[in-house]
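Undergrad: here is my input, please return the structure:
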Amino acid sequence: MNHSFGIIFDMDGVLVNSNPYHKIALQQFARQHGHELSEKELKEKVYGRTNREWLTNLFGALPEDKLRQYAEEKEALYRELFKADIAPVAGLLPFLQHLREHQVPVAIGTSAPRSNVDFTLRHTGTEAYFAIVLDDTFVTHGKPDPEIYLKAAQALNLPNDRCIVIEDSLSGVEAGLRAGSKVIGITTTHTAEELAGTHLVIDDFTRLRMPQLLHLF
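TA: The predicted structure follows:
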């Protein structure tokens, strides 16, 4: 049964509630390098952005080797902090199985590096569900630019208006909307009120099934 639509999952804050750990890692990393990151700066300059973008926002222009070094330093810190607690968002595994049973194609579209994608999929037991993964190497322009979601739809061989993007960050929601896709907001990072511009708001995946998905179209 193919309903001719696909779902593109953001990763952080969608597959796993990782943002509290990213926040600690970001603040520790920034402090080690002489910066203090406020809540406002995290939301406006960091969340949903590629490492290249937020590092440039924080430090200004950096040589390529320094960018890579700083990015991996922060991500290694994050993985160390999160590894004991990592778990899929409630209902994710049954939801992925439900999509598989209904032959709904899925992809991941994330600003995260591949090292974090592999870490997340391995520790949540979700590797088998995602044959299509677009990580930060596919992105020239980070969210809120729609590039990642335009490319993910192309990888699914679907028009953007037949894709549902699931996002937690405001920049990611904007990217999905600008791509012309339906957007489901998940309240791991922002409140339902903050996500009011999406087509549907969920707290987790426990009650999300085909009727609600089909209703978006």
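Undergrad: tell me the domain ranges of the chain?
TA: 6-17+87-215, 19-82 (automatic domain parsing).
Undergrad: for the longest helix seen in the chain, the distance to its chain's centre please.
TA: Counting residues, the longest helix found in the chain (DSSP state H) is helix 64-82. Centroid displacement of helix 64-82 relative to its chain, using Cα atoms, centre = their mean, to the nearest Å, is 18 Å.
Undergrad: what's in contact with the helix or strand that it is followed by?
TA: Per DSSP states H and E, helix 64-82 leads on to helix 92-101 as the next helix or strand towards the C-terminus. By Cβ atoms under 8 Å, 6 or more residues apart in numbering, the residues outside helix 92-101 that reach it are 7, 15, 106, 124-126, 129, 204-206, 208-210. Bear in mind the C-beta positions are built from the backbone N, C-alpha and C, glycine included.
Undergrad: nearest to Asn160, out of those residues: which one, please.
TA: Checking these against Asn160 with Cβ to Cβ, the nearest one is Ile7 at 12.7 Å.
Undergrad: contacts only, for that closest one.
TA: Here Ile7 is in contact with Leu99, Val104, Pro105, Val106, Ala107, Cys163, Ile164, Val165, Ile166, Leu213 (Cβ under 8 Å, 6+ apart).
Undergrad: which residue packs closest to the third one, ignoring adjacent ones?
TA: In space, and not counting its chain neighbours, Pro105 is closest to Gly6: 4.3 Å by Cβ to Cβ, 6 or more residues apart in numbering.
Undergrad: quick one: buried residues of stretch 93-101?
TA: Phe95, Leu96, His98, Leu99 (16 or more other Cβ atoms under 10 Å).
Undergrad: now do the first one against Lys43, distance only.
TA: Applying Cβ to Cβ, to the nearest Å, one obtains 27 Å for the distance of Phe95 from Lys43.
Undergrad: same check, this time on the third one
TA: In this structure, His98 lies at 32 Å from Lys43, with Cβ to Cβ as the measure.
Undergrad: that's a strand at Ile164, yeah?
TA: Yes. Assigned with DSSP: H, G, I helix; E, B strand; the rest coil, Ile164 falls within a strand.
Undergrad: what are the buried residues along the helix or strand of the chain with the lowest mean pLDDT?
TA: Counting by mean pLDDT, DSSP states H and E, the weakest-scoring helix or strand in the chain turns out to be helix 39-41, with a mean of 83. Using 16+ other Cβ under 10 Å as the test for burial, helix 39-41 gives Glu41.
Undergrad: can you check stretch 135-150 too?
TA: In stretch 135-150, residues buried by neighbour count (16+ other Cβ under 10 Å) are Asp135, Asp136, Val139, Gly142, Lys143, Pro144, Asp145, Pro146, Glu147, Ile148, Tyr149, Leu150.
Undergrad: ditto for stretch 194-213
TA: Neighbour count says stretch 194-213 has Leu195, Thr198, His199, Leu200, Val201, Ile202, Asp204, Phe205, Leu208, Leu213 buried, by 16+ other Cβ under 10 Å.
Undergrad: which residues are contacting that stretch?
TA: Contacts for stretch 194-213 (Cβ under 8 Å, 6+ apart): 3, 5, 7, 89-92, 94-95, 98, 102, 104, 164, 167, 170, 173, 177, 182-187, 192, 216.
Undergrad: sorry, back to before: of the buried residues of stretch 194-213, which belong to strands?
TA: Leu200, Val201, Ile202 (DSSP state E).
Undergrad: alright, I will stop here.
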